[in-house]
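K.L.:
What shape does this take:
(one chain, ligands or ions: 2)
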Amino acid sequence: MKLLITGGAGFIGSNFIRYLLEKYPTDQVINLDALTYAGNLANLKDIEKNPNYRFVKGDITNKKLVSELIAELDVVVHLAAESHVDRSIMDPEAFLKTNILGTHTLLEAARENGLKRFHHVSTDEVFGSLGPNDPAFNETTPYDPRSPYSASKAASDHLVRAYFHTYGLPVTISNCSNNYGPYMFPEKLMPLFITNLLEGKKVPLYGDGLNVRDWLWVEDHCAAIDLIVRQGKIGETYCIGGNSEKTNKEITYKILELMDKGEEAIEFVKDRPGHDRRYAIDFSKIKNELGWEPRVTFAEGMQRMAEWYRNNEAWWRDIKSGEYQKYYEQQYGK
Ligand code: NAD
Ligand code: TYD
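P.N.:
Ligands and ions are numbered 1, 2, ... in the order given. From the prediction side, this is the model:
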């Protein structure tokens, strides 16, 4: 198989490329990534010389480039996105451009070139916010996005479905819960808190800390995407969850314990505007139809997470200091 992975220099994309190259030694993988602040080739250092891997620096809104690349391939797995909710609240425009227009550019190129398979990676945030006793999201939950990030991802999901119904493009979609694992950018809750504590800083917990997320180990997510790409039914959506609903307070106390710190390190700060209260995923469909379920338990994942950030201090220090971007600017220009 010859695959184009968009956003492969990001958190999930880099884990997914590593997963593919290990599992399928004859597959060829092209990574198209614009290297925004969230893209980091250090995430792929161990595989950059693999003969089945090629990196292309470019933007998914670049029609010519995208069409040339897609003409060479069988499959697109689309992960490139602006992905951080807080940034979308401060400056939504980049989210509309990449997440909506970028997805549209890829879909058009896929249609023109008769692509065999287009898999779109989306989020549970498109379904809105749950109350404490509401049933978990599933594939039939109505869309109700509430942040500029989730609104832009919802728009991209609708476009992907429209290209299936209108043009018969062979698409699949997955909506997953919060991922965690190696190479997670230290602006998101877990890596921010772990690295802050390693630096002797406090951890900023929003509001009352009782918002709930369903945590999914990133390699379990990669296995689910791979299964959908190879065996998922065209035109279908699959919800992927981690079976690990936790409040932010529970996450914070677990991290404090793993980092050997006390609760005086917590700083309660002003809440995020429009902060979604709870996300949870019912993953029965992918379990029943494709035999997938998460393997890594929350306790095991948190151990691995703390260990990885302890052992990869140079990686996250380069990001926090901004050094990582200087290197790529020298190599590829601004
Ligand atoms: P990330 O922010 O770590 O990485 C995004 C990557 O996309 C970066 O490498 C960035 O350089 C690249 N990119 C951004 N704009 C681009 C553009 N215009 N052209 C080309 N490349 C561009 O994101 P992530 O956490 O790895 O998420 C990957 C996908 O999974 C996203 O679509 C996101 O919406 C979805 N998702 C993520 C989570 C999560 O917990 N991280 C949960 C559900 C869904
Ligand atoms: P985040 O990692 O940004 O993911 P998302 O908003 O996509 O779920 O945030 C996870 C949860 O942690 C969310 O409820 C917001 C909260 N949070 C904090 O309390 N403090 C922080 O500094 C951050 C980044 C997030």
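
K.L.:
Find the closest residue to ligand 1 in this protein.
P.N.:
The chain approaches ligand 1 most closely through residue 10 (2.0 Å), counting by C-beta to the nearest ligand atom. Where C-beta positions appear, they are placed from N, C-alpha and C, glycine not excepted.

K.L.:
what about that residue, how many residues close to it?
P.N.:
26 (other C-beta atoms under 10 Å).

K.L.:
I figured it was touching residue 38, is that so?
P.N.:
Yes - here residue 10 lies in contact with residue 38, judged by C-beta atoms under 8 Å, at a distance of 5.2 Å.

K.L.:
where do the contact lists of those two overlap?
P.N.:
Common contact partners of residue 10 and residue 38 (C-beta atoms under 8 Å, 6 or more residues apart in numbering): 83, 185.

K.L.:
Alongside ligand 1, which residues does the stretch 1-150 of the chain contribute?
P.N.:
Proximity of the stretch 1-150 of the chain to ligand 1, by C-beta under 6 Å from any ligand atom, involves residues 6-7, 9-13, 33-36, 38-39, 59-61, 79-83, 98, 102, 121, 123.

K.L.:
Next step: those residues restricted to strands.
P.N.:
Counting by DSSP state E, the members of these that fall within strands are 6, 33, 121, 123.

K.L.:
for the last one, what are its contacts?
P.N.:
By C-beta under 8 Å, 6+ apart, residue 123 lies in contact with 150, 153, 175-176.

K.L.:
Which residues does it form beta bridges with?
P.N.:
residue 176 (DSSP bridges).

K.L.:
For it, give its distance to residue 326.
P.N.:
31 Å (C-beta to C-beta, to the nearest Å).

K.L.:
hmm, back to that, which pLDDT value belongs to the residue of the chain closest to ligand 1?
P.N.:
pLDDT recorded at residue 10 is 98.

K.L.:
Please report phi then psi for it.
P.N.:
For residue 10, the backbone dihedrals are phi -90, psi -170 (criterion: degrees, to the nearest 10).

K.L.:
likewise residue 247?
P.N.:
Torsion angles, degrees, to the nearest 10, at residue 247: phi -80, psi 160.

K.L.:
ranges for the helices of the stretch 151-300 of the chain?
P.N.:
Counting by DSSP state H, counting those that start in this stretch, the stretch 151-300 of the chain has helices at residues 189-198, 218-231, 248-258, 284-290, 298-311.

K.L.:
Any chance of the ones you listed in a markdown table with mean neighbour count and mean pLDDT as columns?
P.N.:
Output for the helices of the stretch 151-300 of the chain, formatted as a markdown table (neighbours: other C-beta atoms under 10 Å; pLDDT from 0 to 100):
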| stretch | mean neighbour count | mean pLDDT |
| --- | --- | --- |
| helix 189-198 | 21 | 98 |
| helix 218-231 | 21 | 98 |
| helix 248-258 | 18 | 98 |
| helix 284-290 | 16 | 98 |
| helix 298-311 | 17 | 98 |
